[in-house]
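Student: Mind looking at a prediction? Sequence and model below.
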Amino acid sequence: MRLDGVGKRYGRGGRWILRGADLALEPGALVRIEGPNGSGKSTLLKLAAGIERPSEGRVRPPRRRAYVPERFPPALPFDARGYLAKLGRVHGLPAAEARRRADFWLERLGVTAQADTPLSRLSKGTCQKVAVAQALLAEADLLLLDEAWTGLDQAARALLDEAAAERAALGGVVLFVDHDPNRLAGLATDGYRVGRDGALHRLPAAVGAASGPLVEIDADSPDGPLAGLLPARLPGDPDRAPLAGTAVRLTVQAGHSDALLRRLLTGRPAVRVLAVRRLTDPAVEAPPAAERVGAAAVEPAP
Ligand SMILES: Nc1ncnc2c1ncn2[C@@H]1O[C@H](COP(=O)(O)OP(=O)(O)OP(=O)(O)O)[C@@H](O)[C@H]1O
């Protein structure tokens with residue numbers, strides 16, 4: 001996912017909202033976008049989603065994109081299930097798979113009882129859950145969340161935290177805007193601020209970068225040495241260290257450990273989990289912040 005020298009103004013002669021915005025994100029990036037009201041955060045996400053076109057520069061998104069807008073369009077002529085199944089088709093899923101994923105996310109978000117209710121009759125929070133579901137069911141390479149947590153109840157907020165982290169852990173790119181400065185703290189891999197100059201300025205490591213406790217998972221497999229059997233891509237991109245016999249030790253950020261365990265226990269190869277330990281001293285275990293962020297320029301605070 002790249003932005004190269006992207007500029008945006010609404011209408012000829014309008015003020016430049018974004019100008020010279022550059023961004024290059026690798027699979028697995030979970031990135032916070034900050035900036036004061038009106039600075040252009042939503043504009044940036046809309047450009048990445050392909051809803052707005054840049055006035056200059058280029059947006060190079062990955063193939064499959066999903067977007068939760070700041071405001072869900074009111075009064076769409078669908079019920080929740082029908083809308084999600086339709087959006088699943090728009091995302092390129094076969095009809096049966098679109099319906100299956102629609103029901104899966106309606107259930108996970110606690111909306112099954114309102115699945116057949118017209119969207120126009122749903123409460124604001126329930127509508128927001130439907131907006132979240134339409135983006136998550138796409139399993140997109142680029143997930144854009146614009147204040148997507150606003151209006152959700154606590155359980156749904158936690159579920160969206162988990163789903164966003166899982167998308168990144170599985171190799172997607174996630175860009176999010178949220179007024180809560182602690183949103184996905186410890187899981188975000190990076191952060192950027194939309195500056196007054198319209199460019200993107202990398203945030204200091206402490207604001208955006210993943211940090212915090214690690215979890216060690218010791219596992220083996222009845223099928224042979226596990227280190228050689230595991231897929232290249234695993235949630236959270238754990239460090240891998242072979243243990244005696246067929247076992248391996250996987251070390252991952254605590255926020256990714258549930259997704260990693262779920263993948264190990266439900267996928268191939270067959271895996272036996274021998275031990276799960278939370279490491280208590282992240283300062284010792286985590287790489288130094290400078291190593292994670294490199295020598296990026298950091299805009300001084302206003
Ligand atoms: N469709 C539009 N037509 C004209 N101006 C627009 C349009 N959309 C946004 N703007 C203007 O662009 C500027 C940036 O808006 P944007 O919504 O991207 O900011 P934001 O940082 O997301 O703001 P907030 O934090 O309040 O959501 C604002 O001045 C806004 O009024």
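Tutor: Here it is on my side, so go on.
Student: what residues does stretch 159-171 touch?
Tutor: 27-30, 108-109, 132, 136, 139-141, 143, 145, 148-149, 152, 174, 176, 183-184, 187, 189, 233-237, 255-256, 258-260 (CB atoms under 8 Å, 6 or more residues apart in numbering). All C-beta spots, glycine's among them, are computed from the backbone N, C-alpha and C.
Student: out of the residues you listed, which touch the ligand?
Tutor: Residues of the contacts of stretch 159-171 in contact with the ligand (CB under 6 Å from any ligand atom): none.
Student: Which of the residues you listed fall in helices?
Tutor: R108, V132, L136, G255, H256, D258, A259, L260 (DSSP state H).
Student: For the closest residue to the last one other than its chain neighbours, give its distance to D180.
Tutor: Translated: L260. Once flanking residues are discounted, L260 sits nearest to P235: 4.5 Å by CB to CB, 6 or more residues apart in numbering. Applying CB to CB, to the nearest Å, the value for P235 to D180 is 24 Å.
Student: Neighbour count for the two, which is higher?
Tutor: P235 (24 against 11; other CB atoms under 10 Å).
Student: ok so, going back, check contacts around the residue nearest to L260.
Tutor: E166, A169, L170, V252, H256, A259, L260, R262, R263.
Student: Dihedrals phi and psi, L200?
Tutor: phi -100, psi 130 (degrees, to the nearest 10).
Student: Within its local environment, how many residues does it see?
Tutor: L200 has 22 neighbouring residues, counting by other CB under 10 Å.
Student: per-residue confidence at it?
Tutor: Note for L200: predicted pLDDT of 96.
Student: Now the residue of the chain positioned farthest from its centre. Nearest residue, chain neighbours left out?
Tutor: Distance from the C-alpha centroid of the chain peaks at G245, with 36.2 Å (CA atoms, centre = their mean). Using CB to CB, 6+ apart and skipping the chain neighbours, the partner closest in space to G245 is D220 (6.6 Å).
Student: show me where the chain has helices.
Tutor: Along the chain, counting by DSSP H, helices occupy 41-49, 80-90, 95-108, 124-136, 154-169, 205-208, 226-229, 254-266, 282-285, 289-293.
Student: now for these, which one comes closest to R196?
Tutor: Smallest distance to R196 across the helices of the chain (CB to CB): 13.3 Å, for helix 41-49.
Student: still on that earlier bit, next one: phi and psi at the residue farthest from the centre of the chain?
Tutor: Backbone torsions for G245, taken as degrees, to the nearest 10, come to phi 70, psi -130.
Student: Okay, it and the ligand: tell me how far apart.
Tutor: 54 Å (CB to the nearest ligand atom, to the nearest Å).
Student: Next up, the contacts around the nearest residue to G125 once chain neighbours are set aside.
Tutor: Counting by CB to CB, 6+ apart, G125 lies nearest to G151, which is 4.7 Å off, once chain neighbours are set aside. Each residue near G151 by CB under 8 Å, 6+ apart is listed here: K124, G125, Q128.
Student: Then L30?
Tutor: Listed by CB under 8 Å, 6+ apart, the contact set of L30 reads A164, A165, A168, V173, V174, F176, L184, L187, A188, T189, D190, A210.
Student: Let me see the confidence value for the fourth one.
Tutor: On the pLDDT scale, V173 is placed at 95.
Student: Count the neighbours of it for me.
Tutor: For V173, the count of nearby residues is 24 (other CB under 10 Å).
Student: Then the fifth one?
Tutor: Other residues lying near V174 total 27 when counted by other CB under 10 Å.
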